[in-house]
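What would the 3D arrangement of this be:
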Amino acid sequence: MTPLDVILGTLYLSQTGLGVLGNSMLLSFFIFTSRKLRPTDQIISHLTVANILFLLSRGIPMTISAFGVKDFLDETWCKIDFYIHRVSWGLSLCITCLLSGFQAIVISPISFPWEGVEFRAPRYIISSCLFCWLINLLIEAGTAIGMASPQSKNTSFTIDLIFCTWKDPSSNFGLLTAFRDVFCVVLMVCTSGYKVFLLRKHHHQVKHLHRTSSCPRASPEIRVTRSILLLVSTFASFYLVNGIFSMYYNYFLYSISWLVPVSVFLVQCFPTISPFLLISRDSQMARACCAP
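Numbers count the residues shown, from 1 in each chain. Now for the predicted structure:
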């Protein structure tokens with residue numbers, strides 16, 4: 001075990017522990033709070049569960065592997081771990097997209113073409129989240145088929161994931177997975193752009209008004225919208241950078257071993273940072289989570 005392995009293991013362990021702690025704090029707030037949960041809180045609670053599953057399924061094996069323990073997962077456990085990892089990643093993508101889309105509906109003006117959608121949307125929050133779970137469980141069912149134990153690294157056309165091996169990865173990237181990723185990312189970009197447009201319009205409308213003449217429902221919604229915009233932009237940034245690294249590794253230079261640890265670190269940044277972004281932007285959450 002080299003000093004670099006120790007550094008990587010410590011980094012993965014710290015990142016995983018910090019992320020699980022932050023998401024657990026946020027989830028505990030939603031479970032034990034006495035206030036009625038907002039629709040956005042219900043969506044975020046599913047996001048925290050997905051983040052915890054993602055961090056545990058990827059962070060723990062990478063930590064163990066970095067500290068010198070080799071071949072600790074057989075083929076069955078590789079399939080299970082990779083399946084959980086893929087489902088939780090897809091779920092995080094879909095839930096973030098759902099959160100962005102829902103908030104775009106909420107802050108839309110009364111003259112919005114879909115009149116009444118704003119009032120009906122909260123009724124479908126739970127069913128929409130359950131649909132995200134179901135669709136990702138089904139879509140990713142085939143991704144674990146190509147997983148093998150590390151002893152299978154000599155198989156032709158494989159990707160070395162450090163603690164497991166992915167055989168014939170191209171056959172497991174189905175059209176549904178690609179469509180899901182593209183659809184969610186495009187929808188997040190569109191809804192985020194729409195919300196930025198509405199925020200700028202709102203700013204121009206109120207900048208000449210006195211402080212006492214502000215709209216009573218605008219202030220909290222605008223604060224939540226800005227928090228979600230920050231969350232979505234953080235997700236999109238890490239998703240884009242990690243996607244570039246992954247494409248470079250998968251399609252060009254498989255021999256560059258350091259790309260896998262870097263990619264894992266980048267993809268774990270969002271589930272690690274996101275709960276603290278949300279807590280810091282909500283004073284009530286911050287007081288509850290930081291209370292002694």
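
The chain: helices as residue ranges?
3-32, 39-66, 75-106, 117-120, 125-139, 175-206, 218-251, 259-281, 283-289 (DSSP state H).

roughly how far out does the second one sit from the chain middle?
Taking the mean of its C-alpha atoms, helix 39-66 sits 8 Å from the chain's own mean (Cα atoms, centre = their mean, to the nearest Å).

How many residues are close by residue 126?
Neighbours of residue 126 under the rule other Cβ atoms under 10 Å: 13. The way it works is simple: take the backbone N, C-alpha and C, and place the C-beta from them, glycine included.

now swap in residue 73 and tell me
21.

where are the low-confidence patches of this protein?
Scanning the chain for pLDDT under 70 picks out the ranges 1, 34, 110-116, 118, 144-163, 165-174, 202-221, 246-257, 283-292.

which residue packs closest to the spatially most central residue of the chain, ignoring adjacent ones?
Closest residue to the average C-alpha location of the chain: residue 92 at 3.6 Å, with Cα atoms, centre = their mean. Sequence neighbours aside, residue 50 is the residue nearest to residue 92 in space, at 4.5 Å (criterion: Cβ to Cβ, 6 or more residues apart in numbering).

again with residue 239
Excluding its sequence neighbours, the residue lying closest to residue 239 (Cβ to Cβ, 6+ apart) is residue 185, at 7.0 Å.

What is the neighbour count of that neighbour?
By the criterion of other Cβ under 10 Å, residue 185 has 18 neighbours.

Now do the buried residues in stretch 224-236.
Residues of stretch 224-236 classed as buried by neighbour count (16 or more other Cβ atoms under 10 Å): 224, 225, 227, 228, 229, 231, 232, 234, 235, 236.

quick one: contacts for the fourth one?
The contact partners of residue 228, by Cβ atoms under 8 Å, 6 or more residues apart in numbering, come to 40, 99, 100, 103, 195.

Same question for the last one.
Neighbour list for residue 236: 185, 188, 189, 192 [criterion: Cβ under 8 Å, 6+ apart].

Tell me how many other residues crowd the third one.
Residue 189 is flanked by 15 other residues according to other Cβ under 10 Å.

Just the buried ones from the contacts of residue 228?
The neighbour-count test (16+ other Cβ under 10 Å) marks 40, 99, 100, 103, 195 as buried among these.

And the residues you listed, which is closest to residue 23?
Nearest to residue 23 among the buried ones among the contacts of residue 228: residue 99, at 14.9 Å, using Cβ to Cβ.

Distance of that closest one relative to residue 56?
According to Cβ to Cβ, to the nearest Å, residue 99 stands 22 Å off from residue 56.

Many thanks, we can stop here.
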